[in-house]
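Participant: Predicted coordinates and the sequence they were generated for:
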Amino acid sequence: MDYKTIMCDILVVGAGGAGCRAAIEGANHNLDVIMLSKELLGKAHTSMAEGGLNVSLGNVDPDDNPETHFKDTITGGNYLNNQKLAEILVEDAAQRIFDLEDMGAVFDRTPEGKIAQRPFGKQSWRRTAYASDRTGSEIMVTLVEAIRKTSVRVFDEVFATKLLVTDGKISGVCAVDLKYGDYLVFRAKSVVMATGGAGRIFSVTSNAQLDVGDGYGMAYEAGCDLIDMEMIQFHPTGMVKPESAKGRLVTEAVRGEGGILLNNKGERFMHRYYPEVMELAGRDQVARSIMTEVLEGRGSPDGGAYLSIAHLPKSIVEFRLESMIEQFEDAGIDIREEPMQVSPTAHHFMGGIKTDEDAGTIISGLFASGECTGGLHGGNRLGGNALADTQVYGAISGESAAKYAKSVSHLGVDKKTITKEFERLEAMLNRKDGISPADARGELTELMWEKVQIFRKEEDMQFAVDELRRIEKDVVPNIKVDVPVKRFNPGWHQAMEFVHMVTTARMVAEAAVMRKGSRGAHYRVDADPNEKGYYNIVIKKGKDGKMEMKKEDLVITKITPP
Amino acid sequence: MTKTIKTSVLRYNPDSDDQPYLQDFDVEYEPGMTVLDVLLYIQDKFDSSLAFRWECRGGQCGSCAVRVNKIARIACRTKVEPDEDLILEPLEKMPVIKDLVNDMSQTIHRMRRIRPYVARDTKPVHPEIIHADQIEKLREIRKCIECSACLSNCPIVHETWDYPGPMIIRQIARLELDPRDVEDRIAMAMNEAVYFCTTCKMCEDICPKSIKIPALAVELLRAKAVEAGYPLDPGQKAFLDEVNKTGRAVTVKDTPLLEGLDKEEFLVDNPRGRVGFFTGCLIDYRMQSTGKALIEVLNRNHIDVIVPKEQWCCASPAFRTGDLKTAHDSARRVTEIFEKASEKYNFDTVVVACAGCGKTLREDHYPFIEEERGTPPNYKVYDMAEYMLDKIGKENIVPPKGEINLKITYHEPCHLGRGQGVYEEPIELLKLIPGVEYIEDQYKNRCCGAGGGVRAGYRDLSQQIANSRKAQIEETGADMVTTECPFCTIQLNDMMKGTEMKVRYIPDLLAESYKKGDE
């Protein structure tokens, strides 16, 4: 099996908000940094984030401070958050948004010329910094500009498939150049995982097509701990129509700017569920409220609720929600005049690779940041905390990876492991009979959407677990690419991603079965009322290759759960 | 019954295919379907190895630019028409990796060459105070998602990578507008050939974020260059000196139209309407017969035509090249002349038969005057074909009777179509003429290379663009190409020298048909 080996000091896997930030930080340390991007640089899912970035600058509400941001984050997360990680998030966010401005970001302003801040769900103050409703795009564009200034070598459309570990320490990754199909080994002194989430394991999702859980799958196989994998955020407002746009994000900023939710009777139904905070209840709460309306027959014709902003002045809508106008114009709706139809969509993984305050994992030299990590957001992530996460922990992971890289030399890599990995990928092309990746994927995403969704119950989840075990055993080894071509072959790309999707889905479903009570985004209709659920579930691959799960105590520094 | 869309996709795997080839697929139509949905359908139902890029499906990431029926678009925001066949091809100018996937290396190289980040020479103090009005324009051109679609159809990039293309010129303007950036972006823009742009607005039309690149980037950078003291090309400057001196961009040859006319009022019995006629420089000084033809055509259709004797250049060349002093002086003067005439003769409509003048009066004078004095000019501007079809109405147009038995195609002036939103009206006029066999040119909206000061300043480049356009026009097999812009007409005449192809101005042709019908 032919492959090329490429050397660097720090390898960053993933080129979204966290990956770019990590790479920039690493390059600041006079180290050779390579960043792998599965897509073209700048096209990562971060660019789709809309509403904003939480930072307690107090530019609009001067009483805001990191302490309150911390409290909102922990209560919003249903107390499951790793409080050490949350403390760092709220402390560092301000410096990181200044970094972005230093790099050239253009956020919207207050009348005094400071960064403007808008209200978001479950937050005590107006805290979310923004650039209209394309904040993620603004940040992504800025980071791309900054990357182009650094010495970071970007390898775009290169897909990492396996982490290489030598004697318990990271030594590199196996990867495929998606453009031409070449096999590549990257040897690095330290590696940062910044591979994003896995919304795509659900058939209805706000996520870009690349968000399939590569990082969760690779980290699991490499022996990392993964935490809170049952905690999936279903964003309450995804598009319903047209079919091809189903699940596309309708930013929380619509509600933040004053949008209201209505059922088919024209009732502002949030009165019934969360009268104090109404539309700005937690994302899990709003999602369940909408679904309850739908299940009880008060939904919109296409199975959602109405979200209306038509009562606001057009000029405000046009200035602050320009992408929403465009997005719904494509669907034939003028949101300045008519309500949108919305329903929940799989959006964010609170869980992921377990990391410490230095973004380190249990594998020496392996760091992680952004959505692929878990613990920070607990049972429910606040809108605006994900972009903050990418910048705060992106920088920390880059810094840690640099420090580590400076202290070690390159380790050897096991050629047998490498050859075996590339043979596995090659076999998908050479198999005579087998299952098409598109079919396999369809089955998996429907299964997850049907059985491990917003309202969960034991038998559904157990069914999903059994099915996923079967898929892992029978389907994964038999994936067959229809056209055996290595040069830019999406069929092959899907096939290579599939194993990561299955591993991720299994972790989600198995952990969901294990958690018997309702907590945060994990809501059971058959919840054990006696279970408070103040623990985290940690998953790892056992020595015998089986998935091992255990409950761990919460990491608490300041706020004790009630 | 379900509708199917015939979709042809340009397939190419350079590892195994000698040449790209079109492959046809029948795609089941669903309402609301986008080009991305079509591609995903093909990938799912027919060939999982079909290569194209996509990520967000929401117009945010800019991955999925392809050519849809010859024009670059982002696939996820381009709706499919149920009754139209689709041809999907990779972007132009960039080499193909496979099928619809382009190699973007050149684009990235060109982008990096402009040091595309905010350059600072001091450490910023936090918080940095930046006021909303300082970033108002910047915010507009900041929306770019780097989809590269605009590079694909840019007529300049088509001829030379010496010009980095709309997307990258936009990035230079983005940095120039950033109060924090300290680099000399004007020198950079000059070095990056900002004067090569013909302001054809194809990029603006293609842009999924509707960024007005010619106005907000190209013309802005040029204006700043002039302000900074960069001299215009002598070819361009000569026009502007003439404007300032005489009110006309060109010098007198034969008796000008306005001088030759014995009156200002061309009135008819029982008029249906009354318009002022803004001749523009070329109709007045070079195409006098066209001017007369226009008056005649309007009169025949029961429209009073007022031709103020004293007129002034719209200063399109000044707006396009960044000489804002000349531009604004002219805008004020033109407004004054036509407002006076409109009061004296009681009209509120001005008709223009030059695409460049019409665009300038509408897109440049109107907002400038409005901003300067609080109210816009008190008259409405129409293109001649637009006026006839939309104001007089097709059913009321006196049908021309003289047969003109020719195969005729149409060259759409950039500043008429994309500049003023007048697309179908000139073709409708052509079709009114008996005997005319209208031949559609699928590239009719491509730039001829004359505009934006390029013909005046960079004749070689202008000619290269013209030659590319020439091949497209000849491919139609028509006997005659018509248009509605004197500048395009001059360029077309030049490019068609030594060929059989005739070049005509639409009002001339109409007048000819009316005259023939009289005989």
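Facilitator: Received the coordinates, thanks.
Participant: what residues are up against the residue nearest the centre of chain B?
Facilitator: Centroid-nearest residue in chain B, with CA atoms, centre = their mean: residue B:414, separated by 2.6 Å. The contact partners of residue B:414, by CB atoms under 8 Å, 6 or more residues apart in numbering or on different chains, come to B:198, B:199, B:200, B:201, B:202, B:355, B:445, B:447, B:451. Placement of C-beta: from N, CA and C, glycine included.
Participant: at 6 Å what do you get?
Facilitator: By CB atoms under 6 Å, 6 or more residues apart in numbering or on different chains, the contact set of residue B:414 is B:200, B:201, B:447.
Participant: Which phi and psi values does the second one adopt?
Facilitator: Per-residue torsions, residue B:201: phi 70, psi 10 (degrees, to the nearest 10).
Participant: likewise residue B:211?
Facilitator: Main-chain torsions, residue B:211, degrees, to the nearest 10: phi -80, psi 130.
Participant: ok, and the closest non-adjacent residue to it?
Facilitator: In space, and not counting its chain neighbours, residue B:211 is closest to residue B:141: 5.5 Å by CB to CB, 6 or more residues apart in numbering or on different chains.
Participant: picking that back up, could you look up the SS state of the residue nearest to the centre of chain B?
Facilitator: With DSSP: H, G, I helix; E, B strand; the rest coil as the basis, the three-state label of residue B:414 is coil.
Participant: The residue nearest to the spatial centre of chain A and chain B: what is the separation?
Facilitator: For chain A, the residue nearest the mean C-alpha position is residue A:197 (3.2 Å; CA atoms, centre = their mean). Here residue A:197 is placed at a distance of 14 Å from chain B (CB to the nearest CB, to the nearest Å).
Participant: Now list the buried members of the contacts of residue B:414.
Facilitator: Among the contacts of residue B:414, those classed as buried by 16 or more other CB atoms under 10 Å in any protein chain shown are B:200, B:201, B:447.
Participant: quick revisit: on the pLDDT front, check the residue nearest to the centre of chain A for me.
Facilitator: At residue A:197, the model reports a pLDDT of 97.
Participant: how far away is it from residue A:395?
Facilitator: 20 Å (CB to CB, to the nearest Å).
Participant: tell me, which helix in chain A spans the most residues?
Facilitator: helix A:490-514 (DSSP state H).
Participant: Can you name every helix or strand that it contacts?
Facilitator: Here helix A:490-514 touches helix A:214-222, helix A:437-451, helix A:458-470, strand A:536-541, going by 3 or more CB pairs under 6 Å, 6 or more residues apart in numbering or on different chains; DSSP states H and E.
Participant: Next, format the ones you listed as CSV and append mean pLDDT and mean neighbour count.
Facilitator: Formatted as CSV, the helices and strands packed on helix A:490-514 follow (pLDDT from 0 to 100; neighbours: other CB atoms under 10 Å in any protein chain shown):
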stretch, mean pLDDT, mean neighbour count
helix A:214-222, 98, 26
helix A:437-451, 96, 19
helix A:458-470, 98, 17
strand A:536-541, 98, 23
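Participant: so which of the ones you listed comes closest to residue A:78?
Facilitator: Among the helices and strands packed on helix A:490-514, strand A:536-541 comes nearest to residue A:78, with 11.5 Å by CB to CB.
Participant: Strand partners (parallel or antiparallel) of the following helix or strand past that closest one?
Facilitator: Following strand A:536-541 in sequence order, the next helix or strand is strand A:547-552 (DSSP states H and E). Strand A:547-552 sits in its sheet next to strand A:536-541 (antiparallel), going by DSSP bridges.
Participant: Contacts only, for the residue nearest to residue B:211.
Facilitator: B:170, B:173, B:174, B:211, B:216.
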